[in-house]
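Engineer: fold the following and give me the result.
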Amino acid sequence: MNILALDLGTSSVRGLVLDADATPRPGALARRKVHLATGEDGTGTLDGRRYLACLAECLDELADAGHLRDIELVTPCAQWHSVVPLDADGEPLGPVLTWMDTRPAPSAGAAGPADPDAFHQRTGTWWHRGYWSVRLPWLREQAATPVARFAGLAEYVLGALLAEAPMSISMASGTGLLDLCRLDWDAEACELAGVRPGELPALAPTGWLGRLRPEHARRWPQLAGARWTAPVGDGAASNVGSGCVDPSRAAVTVGTSAAVRIIQPVPAGAELPPLPYQLWRYRVDHEHVVTGTAYSSGGNLFAWAKRELRLPEGAELEAALSRVPADGRVLANPRFGGDRPPGLAPAGSGELLGLSFGATAVDLLAGLMTGLCRLVAEDLTVLESGVVKPAEVVLGGGAMAASAWWRAAFVAALAPRPVRHQRHPEIGATGAALLALGRVADGARVGGIGRTDEVDAPNTVAGARPG
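Structural biologist: Numbers count the residues shown, from 1 in each chain. As a prediction, the model looks like this:
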């Protein structure tokens, strides 16, 4: 059996084929970059129709190369928090708002939750521009045409491909409208969002499986009999793919953005652990929750600096970074894209301090990268306050795979905790596959994790099959 993992990210959409042990098949990867429209006003949107076309191109490429043979399971992971308004025919009435968009604001005179702390404990979120409780009223105000219903990017894309595409519990938890214990839409959150049940996606039951629409089964006949699982939030999938499936390990993932998270077993209906005010909590699935904090800056900081500061490439850049003094020459506030919840700093809040005529472009990059390291270290301390012992940390994501210097900077910032590195960049796909197979616990034995200074190695799930 082969598994097709789809990663519906912010900067790209990818399709990756894995074997029955969730090990990626060599060369069986298709990727398309997507255009994230950004602006000084806090815009962060995607074109939903173009995004769907990019996914179709990935499937065509994999099919043409013969990689879709023997696919029995298709498992998507997707960015949390996105939302797109739809008309009665399910067509977009505007672009997809991503997690990066900071424009939504509460309507004039609108009141928040009656008990903000209870709301936070119940939904794992806040009444904040990053969640649907604020985003949906704002989108209605912006729309020139009446909105029939709302969907996330995953529900819109999969709704075009599958006979039905309900919203998974994992994706629903990222909207801020879900009661994390009851696993149903929260009445107060929906009232704040100004939505009726029919305007929200149906929630996928445990074990839901989908199938391609007939017209798409004709286009990709190798997938005609494949079962599609409900999507999982990309952060949850990345934790599992990083081997961080219980509180003994925290995942620090740096892709386009960045986050620090832990997973805890909390079955549906069970009492939720207390949640510190600074942290969010979402659902991995019906049996686990993921708690943490996220940042709008990550690999996009590196990309911005490389482009605008005309930095050297590869080994030359790594060598230049190694010559930066340990205490650095430049201090930085890396909030270029503003704050993720619960913070309210707008886009454009980044700062560089300590500049002198001796400062170089490499010094600026080092300041930005270490600035993010310090934010993560501070928030990890808060995250650890709810677990028994300080966590081992596993670094993962494409940006971590690209820079040994940045990994070393994280080791220094997170000391004295042990810090390791998941060398394979496709941690989301691996995690999504393990979740689809019902093998979350096996993520603790995922291969590819080693010292932060080790070179790339193949990713495997070593000895993960249950006995």
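
Engineer: helix or strand right after the longest helix along the chain?
Structural biologist: When the chain is parsed with DSSP state H, its longest helix is helix 361-384. Using DSSP states H and E, the helix or strand that follows helix 361-384 in sequence is strand 392-396.

Engineer: buried set for that following strand?
Structural biologist: For strand 392-396, the neighbour count (16 or more other C-beta atoms under 10 Å) marks 392-396 as buried. C-beta here means a position set from N, CA and C on the backbone, and glycine is covered the same way.

Engineer: looking at these, which is nearest residue 41?
Structural biologist: Closest to residue 41 out of the buried residues of strand 392-396 is residue 396 (32.2 Å), distances taken as C-beta to C-beta.

Engineer: read off the pLDDT value for that closest one.
Structural biologist: Note on residue 396: pLDDT of 92.

Engineer: same question for residue 461.
Structural biologist: Reported pLDDT for residue 461: 34.

Engineer: how about the one 3 residues further on?
Structural biologist: Taken from the predicted model, the pLDDT recorded for residue 464 is 32.

Engineer: ok, back up a step: what angle do strand 392-396 and the longest helix of the chain make with each other?
Structural biologist: Orientation check (axes from the mean of the first three to the mean of the last three C-alpha atoms, to 10 degrees): helix 361-384 against strand 392-396 gives 140 degrees.

Engineer: mean confidence for helix 361-384?
Structural biologist: Average pLDDT, helix 361-384: 95.

Engineer: likewise for stretch 159-166?
Structural biologist: What stretch 159-166 shows for mean pLDDT is 97.

Engineer: tell me the phi and psi of residue 279?
Structural biologist: Here is the backbone geometry of residue 279 (degrees, to the nearest 10): phi -110, psi 150.

Engineer: so it is in contact with residue 293, correct?
Structural biologist: Yes. With contact defined as C-beta atoms under 8 Å, residue 279 reaches residue 293; the gap is 5.6 Å.

Engineer: before we move on, what SS does the residue lying farthest from the centre of the chain have?
Structural biologist: Distance from the C-alpha centroid of the chain peaks at residue 357, with 38.8 Å (C-alpha atoms, centre = their mean). Per DSSP: H, G, I helix; E, B strand; the rest coil, the local secondary structure of residue 357 is coil.

Engineer: may I see the buried residues of the longest helix of the chain?
Structural biologist: For helix 361-384, a neighbour-count test (16+ other C-beta under 10 Å) marks 361-373, 375-377, 379-380, 383-384 as buried.

Engineer: any chance of the buried residues of strand 392-396 in JSON lines, plus distance to residue 255?
Structural biologist: Formatted as JSON lines, these follow (distance: C-beta to C-beta, whole Å):
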{"residue": "392", "distance to residue 255": "21"}
{"residue": "393", "distance to residue 255": "16"}
{"residue": "394", "distance to residue 255": "14"}
{"residue": "395", "distance to residue 255": "12"}
{"residue": "396", "distance to residue 255": "9"}
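
Engineer: of these, which is the nearest to residue 144?
Structural biologist: Out of the buried residues of strand 392-396, the member with the shortest distance to residue 144 (by C-beta to C-beta) is residue 396, at 41.9 Å.

Engineer: select the longest strand from the protein.
Structural biologist: Longest strand of the chain, by residue count under DSSP state E: strand 24-33.

Engineer: ok, and what's touching it?
Structural biologist: Strand 24-33 is contacted from outside by 2, 11-19, 54-55, 57-59, 61-62, 65, 67, 424, 426, 429-430, 458-459, using C-beta atoms under 8 Å, 6 or more residues apart in numbering.

Engineer: what's the domain layout of this structure?
Structural biologist: Following automatic domain parsing, one gets these domains for the chain: 2-230, 243-467.

Engineer: which residues in this structure form helices?
Structural biologist: Counting by DSSP H, the chain has helices at residues 48-64, 116-123, 132-142, 153-161, 169-173, 187-193, 214-219, 234-241, 299-308, 314-322, 361-384, 398-402, 404-414, 427-436.

Engineer: give me the pLDDT for residue 231.
Structural biologist: What the model reports as pLDDT for residue 231 is 97.

Engineer: okay, and the helix or strand of this protein with the least pLDDT?
Structural biologist: Counting by mean pLDDT, DSSP states H and E, the weakest-scoring helix or strand in the chain turns out to be strand 449-450, with a mean of 66.

Engineer: below-threshold pLDDT in the stretch 301-450 of the chain: ranges please.
Structural biologist: Low-confidence segments of the stretch 301-450 of the chain (pLDDT under 70): 388, 390, 447-450.

Engineer: and the closest residue to residue 320 other than its chain neighbours, how far is that from residue 374?
Structural biologist: With C-beta to C-beta, 6 or more residues apart in numbering as the criterion, residue 320 has its nearest non-adjacent residue at 4.5 Å, and that residue is residue 362. As defined by C-beta to C-beta, to the nearest Å, residue 362 lies at a distance of 19 Å from residue 374.
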